[in-house]
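In: pasting the structure only:
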Ligand SMILES: NC(=O)c1ccc[n+]([C@@H]2O[C@H](COP(=O)([O-])OP(=O)(O)OC[C@H]3O[C@@H](n4cnc5c(N)ncnc54)[C@H](OP(=O)(O)O)[C@@H]3O)[C@@H](O)[C@H]2O)c1
């Protein structure tokens with residue numbers, strides 16, 4: 001039996017699917033116990049009871065591997081990077097108490113404790129806590145992850161579909177190496193039997209500058225767009241104003257600076273086969289049809 005955090009969310013869902021496909025029994029730990037369970041009785045759900053470590057430990061008991069996806073994109077609704085780190089430490093300590101044999105942790109490329117960006121620094125501190133937990137572990141650090149439920153790629157497509165002008169922040173020459181969510185899930189599952197202590201990046205086969213990415217998307221969606229270069233500070237401000245109307249946080253300074261500093265790339269050779277451009281061609285009728293809201297997904301969701 002394995003435990004996957006957030007199996008009703010994005011990356012966690014594909015890890016759970018990959019495990020079920022291998023005949024594994026799967027449990028999930030989630031903030032959304034009442035969300036529709038796409039796996040039915042095959043995946044039993046437990047809550048992230050950080051305030052009750054005994055309960056959290058019980059949810060982890062009997063697990064061979066804990067696949068950890070837990071993190072927050074931005075501080076919101078009283079949750080901060082500091083509280084997310086405290087929760088991460090609790091989760092790893094409970095895994096140790098529960099005698100979980102292995103933790104496979106989803107990090108991010110170029111996470112560093114010296115990063116000036118709290119998102120990336122926090123992701124690096126999660127890795128430090130993982131090592132301190134004493135549980136044998138592996139770390140998988142993806143670049144930008146694309147797939148049906150991805151918010152960033154979907155919303156770039158939504159802007160391309162909705163608006164004749166696409167704002168690009170700064171030069172647009174900064175690179176990305178998108179990795180497919182199902183490839184990432186495979187790499188994560190393979191890590192459960194690799195030697196412990198390994199850290200591997202998950203990298204797609206294509207590299208684009210951000211402007212190329214937008215142009216490829218417009219091309220595959222059959223849209224003609226005009227690129228408008230916008231200074232990053234003005235872009236963030238406009239994003240905040242639009243966010244008020246959409247009741248969402250569109251793009252944070254962390255994310256933009258990370259993107260512009262090419263943190264979502266890796267010096268390692270690509271190790272995931274699916275090409276973003278091929279996937280887009282296959283999914284061009286659905287991607288970006290509707291705006292995807294991070295805040296709605298995590299904080300305004302309620303059972304129908
Ligand atoms: N998406 C990417 O492009 C990308 C790139 C590099 C690294 N990553 C890393 O991959 C991991 C999974 O991310 P994801 O893209 O799959 O997003 P996600 O579906 O939002 O997953 C985030 C995880 O954290 C949990 N969580 C608890 N409280 C949360 C909150 N307030 N806000 C957001 N999540 C909360 C989620 O559980 P519930 O779903 O049960 O709420 C889920 O387990 C994260 O550690 C992230 O840093 C993602």
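Out: Perfect, I can see it now. Given the structure is predicted, the values throughout are model-derived calculations rather than measurements.

In: Show me what counts as buried in stretch 201-217.
Out: 201-211, 213-217 (16 or more other C-beta atoms under 10 Å). For glycine as for every other residue, the C-beta is placed from the backbone atoms N, C-alpha and C.

In: dump the residue contacts of the closest residue to the ligand within the stretch 201-304 of the chain.
Out: As assessed by C-beta to the nearest ligand atom, the ligand sits closest to residue 298 within the stretch 201-304 of the chain, at 4.3 Å. Contact analysis of residue 298 by C-beta atoms under 8 Å, 6 or more residues apart in numbering lists 31, 76.

In: Who are the contact partners of residue 105?
Out: 68, 126-127, 130, 137-140 are the contacts of residue 105 under C-beta under 8 Å, 6+ apart.

In: So it belongs to a strand, correct?
Out: Yes. Applying DSSP: H, G, I helix; E, B strand; the rest coil, one finds residue 105 inside a strand.

In: measure the closest residue to residue 22 other than its chain neighbours to the ligand for me?
Out: Nearest residue to residue 22 in three dimensions, chain neighbours excluded: residue 189, at 7.1 Å (C-beta to C-beta, 6 or more residues apart in numbering). Per C-beta to the nearest ligand atom, to the nearest Å, residue 189 is found 15 Å from the ligand.

In: Using CSV, lay out the contacts of residue 105 together with secondary structure and neighbour count.
Out: Shown next, in CSV, are the contacts of residue 105 (DSSP: H, G, I helix; E, B strand; the rest coil; neighbours: other C-beta atoms under 10 Å):
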residue, secondary structure, neighbour count
68, strand, 27
126, helix, 24
127, helix, 20
130, helix, 23
137, strand, 24
138, strand, 23
139, strand, 24
140, strand, 24
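
In: Spell out which residues of the stretch 1-150 of the chain are next to the ligand.
Out: 5-6, 8-12, 30-32, 69-73, 79, 106, 108, 123, 142, 144-145 (C-beta under 6 Å from any ligand atom).

In: one more time with 5 Å, if that's ok
Out: When proximity is defined as C-beta under 5 Å from any ligand atom, the stretch 1-150 of the chain approaches the ligand at 5-6, 9-11, 30-32, 69-72, 79, 106, 108, 142, 144-145.

In: Next step: these restricted to strands.
Out: 5, 30, 106, 142, 145 (DSSP state E).

In: Drop anything exposed from these.
Out: 5, 30, 106, 142, 145.

In: Can you name the residues that contact the fourth one?
Out: Listed by C-beta under 8 Å, 6+ apart, the contact set of residue 142 reads 11, 106-109, 179, 184, 201-203.

In: could you redo the last one with a cut-off of 10 Å?
Out: 11, 106-109, 177-181, 183-184, 187-188, 200-204, 264, 266, 272 (C-beta atoms under 10 Å, 6 or more residues apart in numbering).

In: Sort out for me which of those are in helices.
Out: 11, 181, 183-184, 187-188 (DSSP state H).

In: Per-residue pLDDT of residue 304, please?
Out: You'll see residue 304 listed with a pLDDT of 47.

In: So residue 157: helix, strand or coil?
Out: helix.

In: Find the nearest non-adjacent residue to it, please.
Out: Per C-beta to C-beta, 6+ apart, closest to residue 157 is residue 288, 2.4 Å.

In: Give me the neighbour count for residue 21.
Out: Residues lying near residue 21 (other C-beta atoms under 10 Å) number 11.

In: Please tell me I have it right and the residue nearest to residue 22 contacts residue 65.
Out: Yes. When contacts are counted by C-beta atoms under 10 Å, residue 189 is listed as touching residue 65 (8.6 Å).
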